[in-house]
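Q: Prediction below, plus the sequence it came from.
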Amino acid sequence: MIQTIAELQHKISSYSAPDQERVLAAARQSEQLHEGQYRDSGEPYFIHPLQVAEILIDMKLDAATVASALLHDVLEDTIMTRADLKRQFGREVDNLVNGVTKIAVVKAQNKSVQESETIRKMLLAMVKDVRVILIKLADKLHNMRTLRYKQGPRQREIAQETLDIYAPLAGRLGISWLKDELEDLALKHLHPDIYRSIKEQVSEKRQQRANYLNRIKSAINKAAQREGVPVVVESRAKHFYSIYLKMKRYGKEIGEIYDLLGIRILCDTTNQCYQILGLVHRLWPPIEGRFKDYIAMPKTNQYQSLHTSVLGFDGKMIEIQIRTHEMHRTAEFGVAAHWLYKRGLTREQVQPADLEIMHRVRDLKDARITSGEFLEEIKREILRDSIYVFTPKGDAIQLPKGATAIDFAYHIHTEVGHHTTGAKADGSIIPLKEPLKNTQVIEILTNPNAHPHLNWLRYAHTSRARSKIRAWLNKNDETLIINQSIVARKQDQTAKHPEPQKTPQHKGPSKETSDILDRHKVEIRVGKERNLMIHFAQCCTPRTGDDIVGYVSRGRGIIIHKRECKSLRSIPDVEERTIEVEWETVSPKTTHRFRVVARPTNDLFSEIEGAVRKIHGHLIEGRIDESGPNTIDASFTLEVERRQDLRKIAKSIRAIPVVMSLHDLPGQ
């Protein structure tokens with residue numbers, strides 16, 4: 001990695017003279033502004049923006065992006081103002097730097113809100129100029145490469161945030177090498193023992209695997225030569241995190257995972273890709289269910305390739321990817337290939353605006369939701385795996401995994417969604433709440449007299465569908481008041497509500513809760529009350545799934561209390577001013593206790609927490625009951641939204657490589 005401006009100058013020698021001067025001017029300004037600042041490693045702070053810029057230079061980004069990378073921390077950490085930045089480096093650099101600059105802590109109530117608001121600001125800036133997120137990803141990559149210098153819980157927090165947000169973002173933008181490195185670095189700090197084990201195992205049999213793959217490559221080259229198809233055959237190492245996921249998925253130890261390497265075949269044309277596929281399947285028998293055609297149906301990040309798995313020599317499974325050289329450049333550079341095109345390095349232009357992630361962020365842009373809710377929607381809808389389903393006319397529709405027919409209907413058109421009566425998948429009737437499966441043909445049944453129901457909020461998975469349903473119910477169902485998380489059932493419009501006597505025991509909501517929920521005013525009336533808002537009582541602090549009731553207050557709208565709240569019962573005439581409310585999306589949660597026997601490890605509960613969270617559960621507590629030399633005996637309590645999810649969670653926990661057995665404990 002470069003350490004000086006002189007090395008930077010050599011690195012950008014292929015740029016035009018004006019572009020070189022622009023980058024070097026930014027470097028000199030950054031070095032001057034950061035003088036006297038140091039990183040946790042003890043290095044001068046300027047080394048960080050310098051090496052972030054180097055990452056972007058290696059990605060072949062333009063001079064404005066590189067200059068912005070060199071200046072990306074100056075608004076946050078130095079005396080430079082936006083006016084100064086714009087005057088010296090122009091509007092383009094100013095907008096890019098501002099896009100990745102954190103919001104001030106004073107503008108947010110706490111660090112959590114600050115981080116959520118910063119991510120929202122950055123993603124919305126990305127929609128205007130995708131280079132914002134490329135700078136942030138390069139910044140995150142360099143921080144992860146130096147994360148060993150960060151001490152305490154913050155190290156794990158940064159690694160987890162990288163795994164939850166930034167690695168998936170790199171994937172959605174199609175930059176596979178960046179996603180892979182971020183995932184591996186996160187694994188290194190979240191599960192160091194597993195990381196070391198995988199690294200040692202991969203190194204241990206490297207030569208043995210290389211010899212085997214050379215036999216495979218030689219067979220493919222000879223067969224392609226006979227058919228007159230020019231190919232480049234490469235072996236590819238699977239990154240550690242993908243091996244870790246395979247261990248979890250199949251419940252195997254690292255020593256039982258044999259396909260640690262794969263084969264990639266590059267050719268010139270799409271037709272040759274399919275010709276090579278047939279060639280490979282004649283050499284070795286394909287494994288059923290392992291073929292994927294991402295050429296005919298590209299991923300949302302525009303990735304294209306053919307994937308197949310075969311039983312190679314000695315009965316070993318080999319994963320093979322087949323793609324053109326252009327497809328490979330897109331797979332490696334993703335959205336950054338747009339700038340490769342500008343510099344004449346590739347023929348096919350990748351338009352950032354065409355990426356599905358851009359459309360999904362735009363959909364959320366105008367939604368009246370908090371920054372925390374925005375971030376949850378991003379993680380739930382955009383950064384998770386997607387599925388493709390088809391209309392009866394053959395049009396492909398991309399939806400987040402877990403989406404239902406309700407989501408599909410609202411994706412087609414709001415009015416189609418509003419008048420849905422049922423759905424068919426591949427010709428068969430399916431429940432509206434059933435998650436759709438990849439490649440199904442979906443037909444929506446409608447009736448002009450049909451309309452949304454409250455349960456649809458529980459069936460819908462996408463923010464688009466949920467916001468449309470919520471809006472219709474608020475407008476057309478006079479018995480309901482709905483905000484982002486609570487459904488309140490209105491009382492009789494003619495009911496008389498005397499003003500309650502004030503009592504010190506009835507506390508209002510916290511400022512943070514109030515600030516968040518004030519955004520959800522609903523233009524309705526309960527009795528004489530208008531413009532009601534929904535707040536959570538601070539006296540009993542209800543949590544999702546608690547048994548709750550609404551109290552119609554004077555001036556502060558509906559206050560949500562736990563049903564058994566003592567402060568609520570002490571309010572005079574409370575019965576005349578209470579209304580029934582319920583959680584919009586979930587039924588009351590279920591707790592369950594398990595006992596687990598596992599092989600010795602330092603991060604058992606971290607592994608369990610990940611397995612539980614994957615099924616939308618929550619690990620409440622855990623403890624080591626007994627510990628012998630060869631096993632760990634532990635117990636823990638978890639919380640789930642639906643009791644029927646316990647079986648899935650148990651299966652997920654049993655898939656953890658170190659877990660030997662799992663048992664129910666009494667006390668549920």
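A: Perfect, thanks for sending it. If you're wondering where the values come from, they're calculated on a predicted model, not measured in any experiment.

Q: in the stretch 501-650 of the chain, what spans have low per-residue confidence?
A: For the stretch 501-650 of the chain, the stretches flagged by pLDDT under 70 are 501-533, 544-545, 555-556, 584-589, 620-622, 625-628, 641.

Q: where does the residue nearest to I2 when sequence neighbours are not counted land in three-state SS?
A: Excluding the flanking residues, the one nearest I2 by Cβ to Cβ, 6 or more residues apart in numbering is E54, at 5.2 Å. All C-beta atoms are positioned from the backbone trio N, CA, C, and that covers glycine. Under DSSP: H, G, I helix; E, B strand; the rest coil, E54 falls in the helix class.

Q: Equivalent analysis for A423, please.
A: Here A423 is strand, with the state taken from three-state DSSP.

Q: Spit out the contact partners of it.
A: A405, F408, A409, I429, I430, L432, I442, E443, I444, L445 (Cβ atoms under 8 Å, 6 or more residues apart in numbering).

Q: again with I469
A: I406, Y410, G417, P452, W456, L457, A460.

Q: related to what we said a few turns ago, my guess is the residue nearest to I2 contacts H10. True?
A: No: contact criterion Cβ atoms under 8 Å: E54 and H10 do not qualify, at 11.1 Å.

Q: which of the two has more neighbours?
A: E54 (22 against 9; other Cβ atoms under 10 Å).

Q: And the pLDDT at that one?
A: Per-residue pLDDT puts E54 at 96.

Q: gap between it and L71?
A: 15 Å (Cβ to Cβ, to the nearest Å).

Q: ditto for K150
A: K150 is 23 Å from L71, by Cβ to Cβ.

Q: Among the two, which residue is more densely surrounded?
A: L71 (27 against 19).

Q: what residues are up against that one?
A: Contacts of L71 by Cβ under 8 Å, 6+ apart are A26, Q29, S30, P49, M80, L85, F89, V93, V97.

Q: from memory R156 sits against L190, does it?
A: Yes: under the criterion of Cβ under 8 Å, R156 makes contact with L190 at 6.3 Å.

Q: Need the overlap of contacts for those two.
A: Here R156 and L190 have no joint contacts, going by Cβ under 8 Å, 6+ apart.

Q: top of the contacts of A423 by neighbour count?
A: When neighbours are counted by other Cβ under 10 Å, A405 leads the contacts of A423 with 28 neighbours.

Q: who's in contact with that one?
A: T420, A423, A425, I430, L432, E434, L436, I442, I444.

Q: With L147 instead?
A: Q155, I158, A159, L185, H189.

Q: From R196, how far out is it?
A: 16 Å.

Q: Likewise for Y166?
A: Distance from Y166 to R196, by Cβ to Cβ: 23 Å.

Q: What of I165?
A: With distances taken as Cβ to Cβ, I165 is found 25 Å from R196.

Q: what about these two, which has more around it?
A: I165 (19 against 12).

Q: Identify the bridge partners of the nearest residue to I412 once chain neighbours are set aside.
A: On the basis of Cβ to Cβ, 6+ apart, the spatially nearest residue to I412 that is not a chain neighbour turns out to be I444, at 6.8 Å. Legend: beta-bridge partners of I444 under DSSP bridges are A423.

Q: Just name the closest of the contacts of L71 to A210, please.
A: Using Cβ to Cβ, P49 comes nearest to A210 of the contacts of L71, at 38.6 Å.

Q: Okay, and the closest one sits in which element?
A: Using DSSP states H and E, P49 maps to helix 47-58.

Q: just the helices in the stretch 351-500 of the chain please.
A: 356-365, 371-377, 405-412, 414-418, 456-459, 463-476 (DSSP state H, counting those that start in this stretch).

Q: Looking at these, which one is packed in the most?
A: Highest mean neighbour count of the helices of the stretch 351-500 of the chain: helix 405-412, a mean of 24 (counted as mean count of other Cβ atoms under 10 Å).

Q: Direction-wise, compare it with helix 463-476 and give the angle.
A: Angle, helix 405-412 to helix 463-476, by axes from the mean of the first three to the mean of the last three Cα atoms, to 10 degrees: 90 degrees.

Q: Give me the contact list for the host helix or strand of I135.
A: In the assignment (DSSP H and E), I135 maps to helix 131-145. Applying Cβ under 8 Å, 6+ apart, the contact partners of helix 131-145 are 48, 51-53, 55-56, 59, 61-62, 64-65, 68-69, 72, 96, 99-100, 122-123, 125-126, 158-159, 162, 166, 169-170, 173, 175, 178, 181-182, 185-186, 335-336.

Q: Right, I'll leave it there.
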